[in-house]
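[1] Using only what follows, build the 3D model:
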Amino acid sequence: DQQPNQNTTFHRWAMHELFHELRTMESVHIDPFRSDDYMVPFVSSQTADGKSHSGSTAVERSGSAVNSYALPDGSTIDLDSSLGKDLCRIPELLFADQIPFQHISSTANLQHKSFSNKPLHKLVHESLTAVGDADVRKELCGNIVLVGGSSLFPNMEQRLSHEMSSVVTGNVKCRVLASRQTVERSCASWIGGSILTSLGSFQQLWLSKPEYEEYGSTLAIQRFP
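    Residues are numbered from 1 along each chain as shown. All right, here's what the predicted structure looks like:
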């Protein structure tokens, strides 16, 4: 059977719209703290009676109740079901050590692979421990800036702060900073880049195309060590 083309413009648009809706739905959330009975979404365990149990908590919704979600193909997902509750907890995978569906990668031809499957708080911790100067490392721990589209998930700031406190030892206190303006928070990298490029001194910081074609990456390493 011929497999559908998943690289068409329509497919990319549909996936973009789907993930945008999932990210902005009121039902999708992150728990501010890791509870004692915490379980990774889509990683089920067997209870004593042999039934599958996902460990998901009940989905809280503000305003009118939303019990289902319609997919682009017209099919619906019951958000009160085990699958629906796990879908509403997808952001939890940012802090999960165990990633579901990894067995599929051995048989499927995945075009995009993550550089690391480590949870977000451990990646931040690795970046901090890579700093040799203890004073600088302590200063960076107190100024962790949270930006990007995924930072807009409810409770994201509190959860990252909670997880960082569990991996950072000693008398170092981590502080997560996040703008209250959603547009500034989502587009912070673009805003910072535009400010940097508007500076008169920025012309001394770039590598032009003719220079790269003449000297290659060696000049880039020398200019930007």
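[2] Please compute how far stretch 68-82 lies from its chain's middle.
    In terms of Cα atoms, centre = their mean, to the nearest Å, the gap separating the centre of stretch 68-82 from the centre of its chain is 23 Å.
[3] end-to-end on that stretch?
    The first and final residues of stretch 68-82 sit 12 Å from each other (Cα to Cα, to the nearest Å).
[4] quick one, strands of this structure?
    All strands of the chain, identified by DSSP state E, fall at 45-46, 52-53, 68-70, 76-78, 144-145, 176-177.
[5] didn't F202 look like it was pressed against S194?
    No: checked against Cβ atoms under 8 Å, the pair F202 and S194 is beyond contact range at 10.7 Å. All C-beta spots, glycine's among them, are computed from the backbone N, C-alpha and C.
[6] before we move on, back to that, out of the strands of the chain, which is closest to H16?
    Within the strands of the chain, the stretch nearest H16 is strand 68-70; the backing value is 16.6 Å (Cβ to Cβ).
[7] so what does that closest one touch, helix or strand wise?
    Secondary-structure packing of strand 68-70 (3 or more Cβ pairs under 8 Å, 6 or more residues apart in numbering; DSSP states H and E): strand 76-78, helix 82-88.
[8] As TSV, those with mean neighbour count, mean pLDDT and distance to H125 would be great.
    TSV is the format used below for these (neighbours: other Cβ atoms under 10 Å; pLDDT from 0 to 100; distance: least, Cβ to Cβ, whole Å):
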stretch	mean neighbour count	mean pLDDT	distance to H125
strand 76-78	13	83	35
helix 82-88	20	81	27
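[9] Appreciated, that's everything.
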